[in-house]
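S.K.: The following block contains a protein sequence and its predicted model.
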Amino acid sequence: MRPDGSTTSESGFDTKTAALNWGKEQEAAIRRHRWNDPRDGAALLVDWVELWWSGQDLEATTESKYRYLIDHHILPAFGNRPVNTFTSPEEIVGWEKRTRTNGFSHRTAADTRSLLGTILGDAKERGMVSTNVAVKRRGRGRKRARRAIAIRGPEKVWATSLQALLLAERCALLSGRDDDFVMIVLTAYTGMRWGEVHGLERTACRLDRIQIDWQLRESAGQLEKVPPKDDSHRPVGLPLFLAALVSEQSTRTRGRCACPGRTPECGGRGQYMFLSPDGRHHRRSNYARRIFQPAAEGRFPKGNRQTGKRVLVDTTVWPGDPVPPWPDAIPGAAVRPAARPWNPHRERGGFTVGVVAASRGAHTARAAARSQDVDAGGRRSGGASG
């Protein structure tokens, strides 16, 4: 009998004694308030995740990461599975391996399995599942591979003083503003995070140091003023040359951001050191695409060459002379430029319709040799006769 007064049964026992012992165990668990209704485990994982998610209190960045892992990895694989069907650790191991082989990093696969373990762990506490098969047991798997991932990892790239200076100059050249030069140099010499640099205000700048107490965090397209990561409030010392740059920047910047409303959307006092030309806050992706990455990697023209068009081509011998651009030539149609009809010079060879790659400016067509180098008989002048 359940705590609510209803009755339940279980089948599959070989003897009557085994069935009675099972019933006594269930009654004892009810008296100790440790009994869990097996019907709870019949809920689908997608329904349990929705209930579990409503009870989480997470940072905005952590919430965004968890939401991505749930929507793109966990629910597509197991969303329609009842929670009580997660009984095979080997299934979870195979799923993690497939995640890695599908092009995702080891970190993404490990974080996804860890999050599934957290979800099933809370389900286990509610009696929805007997064991948490997503928890990775110690000492299992390839130790060498685990050590390689933990120790080696991706090599971090540190810019030298000269590289930081050149990068700052390129950013300033691309933007046309000294603000970007000061911002990149300040980031390179102080190690400030992206949100801390763009959340820096005049009131935090001293003569020889900067006091970091806030950052601007971007989440789902919205900016909010929050304490620095891990509550890392700290003063940052400035060398003399950098203190002079920051002092000059504080007098040059407009300070007031262009966020709408009497109270800025970002929650600041409107005395920001680094703003975009229109007074708005830099967005991470936009700044990286337009300024930082071209400054670090170079800016190359895109492959937008125009397609070939039909133009008038001089069919005489090579090399050719530049011919002024003409409208597209149509076989059998009269060619009439803007002002007067076109009458080709008689000393040149015949003209026909051909195709050359269109470009800006004059088209290069095949023409006869220069008139001063060709005699009346069509032979090149100045050459030795045989």
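M.R.: Great, that's in hand. Numbering: from 1, shown residues only.
S.K.: Give me the mean pLDDT for the helix or strand harbouring residue 46.
M.R.: Secondary structure assignment for residue 46, by DSSP states H and E: helix 45-53. For helix 45-53, the mean per-residue pLDDT is 91.
S.K.: immediately after it, which helix or strand?
M.R.: Using DSSP H and E, the helix or strand that directly follows helix 45-53 along the chain is helix 60-69.
S.K.: who touches that next one?
M.R.: The contact list for helix 60-69 (C-beta atoms under 8 Å, 6 or more residues apart in numbering) reads 56, 58, 108, 111-112, 115, 217, 219-220, 224. All C-beta spots, glycine's among them, are computed from the backbone N, C-alpha and C.
S.K.: Can you select the buried ones among the residues you listed for me in PyMOL?
M.R.: In PyMOL, this line selects whichever of the contacts of helix 60-69 come out buried by 16 or more other C-beta atoms under 10 Å:
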select buried, resi 108+111+112+115+217+224
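S.K.: per-residue pLDDT, residue 361?
M.R.: pLDDT at residue 361 comes out at 40.
S.K.: which of the contacts of helix 60-69 sit farthest apart?
M.R.: Largest separation among the contacts of helix 60-69 by C-beta to C-beta: 112 and 224, giving 27.2 Å.
S.K.: Which strands or helices does the helix holding residue 46 pack on?
M.R.: Helices and strands touching helix 45-53, by 3 or more C-beta pairs under 8 Å, 6 or more residues apart in numbering; DSSP states H and E, are helix 75-78, helix 106-125.
S.K.: 6 Å - rerun?
M.R.: Counting by 3 or more C-beta pairs under 6 Å, 6 or more residues apart in numbering; DSSP states H and E, the packing neighbours recorded for helix 45-53 are helix 106-125.
S.K.: Of all the contacts of helix 60-69, the one with the weakest confidence?
M.R.: Within these, pLDDT reaches its minimum at residue 220, with 72.
S.K.: And for the residue nearest to it when sequence neighbours are not counted, the neighbour number?
M.R.: In this structure, residue 220 finds its nearest non-sequential neighbour in residue 64, 7.1 Å apart by C-beta to C-beta, 6 or more residues apart in numbering. Using other C-beta atoms under 10 Å, residue 64 has 13 neighbouring residues.
S.K.: Repeat that for residue 156.
M.R.: So residue 156, with other C-beta under 10 Å, has 5 neighbours.
S.K.: Give me the three-state assignment for it.
M.R.: Per DSSP: H, G, I helix; E, B strand; the rest coil, the secondary structure class of residue 156 is coil.
S.K.: in the chain, which spans are strands?
M.R.: Assigned by DSSP state E, the strands in the chain fall at 209-212, 215-219, 222-226, 234-237, 309-314, 322-323, 351-356, 363-364.
S.K.: can you list the weak-confidence ranges in the stretch 51-200 of the chain?
M.R.: Applying pLDDT under 70 to the stretch 51-200 of the chain picks out residues 138-154.
S.K.: Try it again at 50.
M.R.: For the stretch 51-200 of the chain, the stretches with pLDDT under 50 are 151.
S.K.: where does the stretch 201-350 of the chain dip in pLDDT?
M.R.: Scanning the stretch 201-350 of the chain for pLDDT under 50 picks out the ranges 338, 346-350.
S.K.: could you pull out the helices for it?
M.R.: 240-252, 284-287, 293-297 (DSSP state H, counting those that start in this stretch).
S.K.: Serialize the ones you listed to JSON lines and add fields for distance to residue 127 and mean neighbour count.
M.R.: Formatted as JSON lines, the helices of the stretch 201-350 of the chain follow (distance: least, C-beta to C-beta, whole Å; neighbours: other C-beta atoms under 10 Å):
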{"stretch": "helix 240-252", "distance to residue 127": "59", "mean neighbour count": "15"}
{"stretch": "helix 284-287", "distance to residue 127": "44", "mean neighbour count": "12"}
{"stretch": "helix 293-297", "distance to residue 127": "52", "mean neighbour count": "14"}
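S.K.: For residue 94, which of those helices is the nearest?
M.R.: Residue 94 lies closest, by C-beta to C-beta, to one member of these: helix 284-287, at 35.1 Å.
S.K.: Make sure residue 13 is actually in contact with residue 19.
M.R.: Yes - using C-beta atoms under 6 Å, residue 13 makes contact with residue 19 at a distance of 4.1 Å.
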